[in-house]
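> output the structure for:
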Amino acid sequence: MRHTLILILIFAFFNSYGQTGEIKYFKRIDAFREISDTIKLSNEKIDVSFFSKHFNAPYHLPYLVDGKFKDQTDTIWGRPNAKKNYKENWNHTYTYDSYNRLTSYAYSGCRICSGLPYNYVVTYNAKGQVVNITNTINKRLSYDFYYNNKGDIIKCEEYFIDILMSTIILLE
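Next up is the predicted model:
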């Protein structure tokens with residue numbers, strides 16, 4: 001019995017892990033409601049990808065940096081072997097700058113699957129941080145990002161046709 005207990009304790013010791021991570025508090029203010037949210041971080045930086053993952057703001061966000069496409073545009077067709085015509089074959093287009101950063105991303109739309117087209121432009125500040133993402137089709141949807149001294153986003157504002165629809169604030 002004693003040996004069994006020792007084996008169980010050894011097994012539990014080697015398979016346990018510490019609950020490391022930092023808890024962050026956010027407040028989301030929408031047009032009609034205010035919601036508080038708690039997110040436990042595990043080595044995550046509070047950047048644009050974090051906001052896309054946890055708050056879907058912005059919703060259609062690809063990777064912001066890709067080392068393969070410096071100063072290039074990459075187009076991925078829905079049906080690679082079909083005719084390269086956006087009316088018959090949808091596509092995703094990604095454009096990168098000289099720092100391998102995403103400067104725009106677009107989707108041509110899919111009439112069959114009722115996927116609406118979009119074309120987002122990404123604007124960076126002098127520190128290389130994303131400060132704005134705007135859908136240039138009708139300029140209907142845009143996001144503004146504000147940073148603290150540590151480089152974390154402390155506020156995200158979502159606009160629909162220049163009307164503030166939602167604000168997400170990191171409570172410190």
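> mind jotting down where the helices sit in the protein?
Secondary structure of the chain (DSSP state H): helices at 2-15, 48-55.
> just for the protein, where's the confidence low?
Low-confidence segments of the chain (pLDDT under 70): 1-21, 86, 111-114, 172.
> identify the residues contacting L164.
157-158 (Cβ atoms under 8 Å, 6 or more residues apart in numbering). Yep, even glycine has a C-beta here, placed from its N, CA and C like the rest.
> look up the residues forming beta bridges with it.
Y159 (DSSP bridges).
> how near is it to F51?
16 Å (Cβ to Cβ, to the nearest Å).
> quick check: the gap between C156 and M165.
For C156, the distance to M165 equals 11 Å [Cβ to Cβ].
> between these two, which has more neighbouring residues?
C156 (25 against 14; other Cβ atoms under 10 Å).
> for the more buried one, give me its contacts.
With Cβ under 8 Å, 6+ apart, C156 has these contacts: 51, 55, 57, 143-146, 167-168.
> would you list those residues in a markdown table and tack on distance to Y105 and neighbour count?
Formatted as a markdown table, these follow (distance: Cβ to Cβ, whole Å; neighbours: other Cβ atoms under 10 Å):
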| residue | distance to Y105 | neighbour count |
| --- | --- | --- |
| F51 | 16 | 22 |
| F55 | 19 | 17 |
| A57 | 15 | 21 |
| Y143 | 13 | 25 |
| D144 | 18 | 17 |
| F145 | 16 | 22 |
| Y146 | 22 | 13 |
| T167 | 24 | 15 |
| I168 | 21 | 23 |
